[in-house]
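[1] Have a look at this fold, sequence not included:
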């Protein structure tokens, strides 16, 4: 047995007992925080003396700040040891902004910004969405850096959508056809045919100002105007 760490040499140390554990939960790379740790040196006469984990002569071993999971750490004092556990746990990734962006993309799909984008731009966005969704499904193992990268890729793909340009070009074409149709409707003598053409022109112009439209909608409106014009 080791001699007592007091002035009374008649006492012998029998064991160490932790009375207050230090911080037990860490992120990768963090140093041990032993400031709150306290332990007792217990003597053969059942008396004891309290020490801080940071007192002179106290050492701690067994901690690896890069190894995830539970670790057994050993406190050493004179010839005695006592073990305690700590956990190194990676920080949970924050998916709040990524989920918000995915919801934004979902709402955008019927919008002209997406509908009139090029097939390559649409494919790039779909790929970014698919990868982001896969990451959300693997949330328990995802790193924050992965989440940030997925969000950046979504923003990049969204920023490249050229739907505004495509819609503007389609509006010019449909507008020109509608104007020709209006000129023709003004000269029609058949009331029924004139009414039909006027309604199609009105529908086409309404369509041109809508946000939730597709190239197919414009193509249909254009084809209907041209068909009615030709049949008259």
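    Sure thing, it's come through. What you see is a predicted model; the values in this text were computed from it and never measured.
[2] can you pull out the strands in this structure?
    Under the criterion DSSP state E, the chain contains strands at 13-20, 25-26, 38-43, 48-52, 58-61, 69-77, 80-88.
[3] Dump the ones you listed to CSV, plus mean neighbour count.
    No exception for glycine: its C-beta is placed from N, CA and C like everyone else's. Shown next, in CSV, are the strands of the chain (neighbours: other Cβ atoms under 10 Å):
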stretch, mean neighbour count
strand 13-20, 15
strand 25-26, 14
strand 38-43, 19
strand 48-52, 16
strand 58-61, 13
strand 69-77, 15
strand 80-88, 15
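[4] Which among the ones you listed is found nearest to residue 140?
    Ranking the strands of the chain by their distance to residue 140 (criterion: Cβ to Cβ) puts strand 69-77 first, at 14.1 Å.
[5] Now do the closest one: which elements does it pack against?
    If contacts are counted by 3 or more Cβ pairs under 8 Å, 6 or more residues apart in numbering; DSSP states H and E, strand 69-77 sits against strand 13-20, strand 38-43, strand 58-61, strand 80-88.
[6] hmm, back to that, take the strands of the chain and write them to a markdown table, including distance to residue 178.
    Putting those into a markdown table (distance: least, Cβ to Cβ, whole Å) gives the following:
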| stretch | distance to residue 178 |
| --- | --- |
| strand 13-20 | 81 |
| strand 25-26 | 67 |
| strand 38-43 | 84 |
| strand 48-52 | 85 |
| strand 58-61 | 81 |
| strand 69-77 | 68 |
| strand 80-88 | 67 |
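[7] which stretch among those comes nearest residue 169?
    strand 80-88 (56.9 Å).
[8] pretty sure residue 182 contacts residue 201?
    Yes: contact criterion Cβ atoms under 8 Å: residue 182 and residue 201 qualify, at 5.5 Å.
[9] so can I have a markdown table of the strands of the chain showing mean pLDDT and distance to residue 161?
    As requested, these are exported to a markdown table (pLDDT from 0 to 100; distance: least, Cβ to Cβ, whole Å):
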| stretch | mean pLDDT | distance to residue 161 |
| --- | --- | --- |
| strand 13-20 | 97 | 58 |
| strand 25-26 | 95 | 43 |
| strand 38-43 | 97 | 61 |
| strand 48-52 | 97 | 61 |
| strand 58-61 | 98 | 56 |
| strand 69-77 | 97 | 44 |
| strand 80-88 | 97 | 42 |
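[10] which stretch among the ones you listed comes nearest residue 146?
    With respect to residue 146, and counting by Cβ to Cβ, the nearest of these is strand 80-88 at 19.3 Å.
[11] how much does that closest one deviate in direction from strand 38-43?
    160 degrees (axes from the mean of the first three to the mean of the last three Cα atoms, to 10 degrees).
[12] And for strand 80-88, what's in contact with it?
    Contacting residues not belonging to strand 80-88 are listed as 2, 13, 15-18, 21-28, 30, 32, 39, 41, 63-75 [Cβ atoms under 8 Å, 6 or more residues apart in numbering].
[13] Check what contacts stretch 46-55 and list those residues.
    The contact list for stretch 46-55, computed with Cβ under 8 Å, 6+ apart, reads 5-6, 11, 17, 19, 22, 34-35, 37-43, 58, 60, 75, 77.
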